[in-house]
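Undergrad: sequence first, then the predicted structure, then my questions.
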Amino acid sequence: MFLLLRNAEVHAPEPLGRNDVLLAGERIVAMAPHIGELPDGCACEAIDLGGRRLIPGLVDAHVHLGGGGGEAGPHTRVPRCTAGALARAGVTTCVGVLGTDGTTRTVADLVACVLGLRAEGLSAWCWTGNYEVPVRTLCGSIREDLVWIDPIIGVGELALSDHRSSQPTLDELLRIAADVHTAGMLANKAGVLHLHMGDGRRGLDLVRQAIERSELPASMFHPTHVNRNPGLLREAQALAREHGCTIDVTAFPDHDLGDAIAAHEAIAACLDAGVPIERITCSSDGGGCMPTFDADGRIVAMGVGQPSSLMVTLGRLLAFGLAMAPALMPFSTNVARLLRLPRKGRIALGDDADVIALDDDGAVHCVIARGQPWVRDGASTRWGLFEKVMT
């Protein structure tokens, strides 16, 4: 089945002008100012985008696919993320995480969530482990998980500077990082250590020491939630500038910001501070619990991360005056490059057919994942298996 997108203003993310884009199965197979009618016998549907902007499907490196939370008892476990919710948010590729709870949530269940999303038509990978040290794994070790389990690309979200972490020492962090790095080499995978950053006073100190006192490449350390507070963001900016780390900004919902800096403002602040745009990613923390704690560490309020926050952040970056190409990079090419996700994050021949068409006001007009439309004319056309019967 061919799908022909006509009259698209293509941002790949660099601007390519008005083009027709031909999708065949799960791939982009042709792009030109005008593609004629296909030969007789070729089943082809055409969608006229009328000059709408066509961008790559978003790549979200931090989604609680099985649900996060549980930090105030079993009734506070957040429900699973659904394929339809991700697609409606423009997220065509995601990387699943656990979180605080590695007891009632398991790596095995996370891998099952990933395989389920793949079967439903999205692209998905995951991290092994959670906040804890020793790292919880599926096969018994970090190396075996990366080598033998296809969807697992690294360790995450290991918690630092947070009262919910295992308070790892520098030696423990280095041993985990070394295992991730070597496992990535053996498996020909990214081998990235995705780090949950809390708002503790130690900030990124352990990460800085790990880079300065070892031979491990700085590029394997990927701290997230770095916009949790102004001090942490400044530390992250220095880490990116001086050591070459890629830092991950979280698109916190507006009502859960607290002391955090909104994602679009944090990205703009990083650029103003001299951080190359290539070293910035942005993720949603979708399905994750956004707790507010009192002085004794008890939850007094709780929100939930939303995959849709990425599109909101993109729109705000554009409203700030950032051009489309750099505005897209934290949600597309930067993530795909860091995590070594093949054929993701770009609109190019041979890449996966993951694209989003935007209306003039920035609203999602059309979402196509692996060549299949999930949203057309702003309305869902495809759902996950249980979404309709469960609502």
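TA: Here it is on my side, so go on.
Undergrad: any weak-confidence spans in the stretch 101-250 of the chain?
TA: Within the stretch 101-250 of the chain, no stretch has pLDDT under 70.
Undergrad: what's the burial count for the nearest residue to residue 214 once chain neighbours are set aside?
TA: Excluding its sequence neighbours, the residue lying closest to residue 214 (Cβ to Cβ, 6 or more residues apart in numbering) is residue 174, at 5.6 Å. The C-beta positions use only the backbone N, C-alpha and C, and glycine is treated the same way. Counted with other Cβ atoms under 10 Å, residues neighbouring residue 174 total 17.
Undergrad: need the three-state assignment for residue 174.
TA: Assigned by DSSP: H, G, I helix; E, B strand; the rest coil, the conformation of residue 174 is helix.
Undergrad: which residues touch it?
TA: By Cβ atoms under 8 Å, 6 or more residues apart in numbering, the contact set of residue 174 is 210, 213-214, 216.
Undergrad: residue 141 now?
TA: With contact taken as Cβ under 8 Å, 6+ apart, residue 141 is in contact with residue 179.
Undergrad: quick check: phi and psi on it?
TA: With angles defined as degrees, to the nearest 10, residue 141 sits at phi -160, psi 160.
Undergrad: now residue 61
TA: Dihedral pair for residue 61: phi -90, psi 10, per degrees, to the nearest 10.
Undergrad: could you report the neighbour count for it?
TA: The tally of other residues near residue 61 (other Cβ under 10 Å) stands at 32.
Undergrad: wait, it touches residue 283, no?
TA: Yes. At 4.7 Å, residue 61 counts as touching residue 283 under the criterion of Cβ atoms under 8 Å.
Undergrad: quickly list what's touching both of these two.
TA: In contact with both residue 61 and residue 283: 224, 248, 335, using Cβ under 8 Å, 6+ apart.
Undergrad: what's around the residue nearest to the first one when sequence neighbours are not counted, how many residues?
TA: The spatial neighbour of residue 224 that comes closest, neighbours along the chain excluded (Cβ to Cβ, 6+ apart), is residue 248 at 3.8 Å. Neighbours of residue 248 under the rule other Cβ under 10 Å: 28.
Undergrad: next one: residue 352
TA: 27.
Undergrad: from residue 122, how far out is it?
TA: Computed as Cβ to Cβ, to the nearest Å, the residue 352 to residue 122 distance reads 11 Å.
Undergrad: now do the shared contacts for these two.
TA: Here residue 352 and residue 122 share the contacting residues residue 370, scored by Cβ under 8 Å, 6+ apart.
Undergrad: domain assignment for the protein?
TA: Annotated domains of the chain cover 2-55+344-380, 57-339 [automatic domain parsing].
Undergrad: all helices for the stretch 101-250 of the chain, in order.
TA: Secondary structure of the stretch 101-250 of the chain (DSSP state H, counting those that start in this stretch): helices at 107-120, 142-148, 170-187, 205-212, 230-243.
Undergrad: just so I know, which of the domains of the chain lies nearest residue 387?
TA: domain 57-339 (4.9 Å; Cβ to Cβ).
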